[in-house]
Every structure is written in structure tokens, then in C-alpha cells.
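**Student:** Make a model of this:
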Amino acid sequence: MTEIKRKVIVNNQAFFDYIAPFLEEGRQVSFLIKGESMRPFLFEGDKVLIKKPLGRPWKMGDLILARWQDNYVLHRLVKRKKGMLGLAGDANFVQIEWVKDTDIIAVALSASRNDKQVYDAADPLQRIQGMSWYYLRPLRRALAKLKKIEKFGL
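**Tutor:** Below is the predicted model of the structure:
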């Protein structure tokens, strides 16, 4: 018998509404990333495994799935301030999404690309790499501007 695999793109709200009960039961759920906001560590199409973090403290550098401005983001925890958590996409130079604990849906346990693991939440080195990348934002931003100037011959 031939197995048929197909890719279906579902509205974020419908998808996360559908998986919410599974997460509440403590089950793990996987999905494919849509978007480029987590480059260079995660790419569109990477498979992420998430779970509702019951009683687990958030660690800086964790990849967290949260509701933010009527959307859902899977971004890195980069800051804490007055009971709020600051999330940022790795590809972002400036923006931070501030969320409350109640906005957190799940934490990423792992991610894979072409059946090869590219992220493991249990590996502290990966969180350190992600945070280092975050702190390099000013330099990355300046380099991007230089690259743009060079591209247009200005």
C-alpha cells in the first residue's frame, strides 16, 4: 500500500484552536513552521514539537508559542520585565513582542529539518547561541544596512 502525504495549510486560529485540547491533556503536538522570523536557526517548513509547559519555569532562550496581537508567534524568550515576557524572532532586528504568562500556549521541545534535529530545548548551548544572536542585533542591523548600500551601489 502506498502512503500519500499531503501538505495542508490551515488558518492559524483554526489550527491552534484545534490543538489546544491536546496540549491541555499534556500531549505533544508537532507542526510545520510558516514564515522566516526564526532564521537562521529555524526555517519555513521545519517541523517543531511543542508541549504545554506544566510548572516549568521559562528559561531565557526558550522558543515559546504565544498569542500576540490576535496572532500566534513562535519566538525566543529574550527579556523579562514587570511580569511580562519579551519574545523576539531571530531574524528580527528591533521588534519585541511583550506577552503575559496567560498568553503562552506552549514551549518548543525540539525542531527538525529533513528528519535531522536542528533544535533541542534540553541543550543549554542552543539557548546560549540563540541569546548571543539576539544580543548581536545592533551589529546585525548595521551589517544589513551596509549590505543594502553595497547592493544598490550607494
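**Student:** What segments of this structure are helices?
**Tutor:** 12-24, 124-135, 137-152 (DSSP state H).
**Student:** tell me how far stretch 84-104 is from the chain's mean position?
**Tutor:** 10 Å (CA atoms, centre = their mean, to the nearest Å).
**Student:** Now stretch 48-61: buried residues?
**Tutor:** 48, 49, 50, 51, 52, 53, 60, 61 (16 or more other CB atoms under 10 Å). The C-beta positions use only the backbone N, C-alpha and C, and glycine is treated the same way.
**Student:** likewise stretch 105-114?
**Tutor:** 105, 106, 107, 108, 109, 110, 111.
**Student:** Relative to residue 29, which of the buried residues of stretch 48-61 is nearest.
**Tutor:** Taking CB to CB as the measure, residue 29 lies nearest residue 50 of these, at 5.6 Å.
**Student:** Export only the CA atoms of stretch 111-121, formatted as CSV.
**Tutor:** Provided in CSV are the C-alpha atoms of stretch 111-121 (Å, rounded to 0.1, in the frame of the first residue of the first chain):
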residue,chain,number,x,y,z
ALA,A,111,12.7,21.1,15.8
SER,A,112,13.8,19.1,12.8
ARG,A,113,14.6,19.8,9.2
ASN,A,114,14.6,16.9,6.7
ASP,A,115,14.5,14.4,9.6
LYS,A,116,17.6,15.9,11.2
GLN,A,117,17.2,17.6,14.6
VAL,A,118,18.1,21.3,14.5
TYR,A,119,16.9,22.4,17.9
ASP,A,120,16.7,20.6,21.3
ALA,A,121,15.3,22.6,24.2
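**Student:** and residue 125, how many neighbours does it have?
**Tutor:** Residues within reach of residue 125, counting by other CB atoms under 10 Å, total 9.
**Student:** Distance check, it against residue 137.
**Tutor:** Counting by CB to CB, to the nearest Å, the gap from residue 125 to residue 137 is 20 Å.
**Student:** Which residues does the helix or strand of the chain at the bottom of the mean pLDDT ranking contact?
**Tutor:** Taking mean pLDDT, DSSP states H and E as the measure, the chain has helix 137-152 as its least confident helix or strand, at a mean of 79. Residues outside helix 137-152 that contact it (CB atoms under 8 Å, 6 or more residues apart in numbering): 93, 94, 133.
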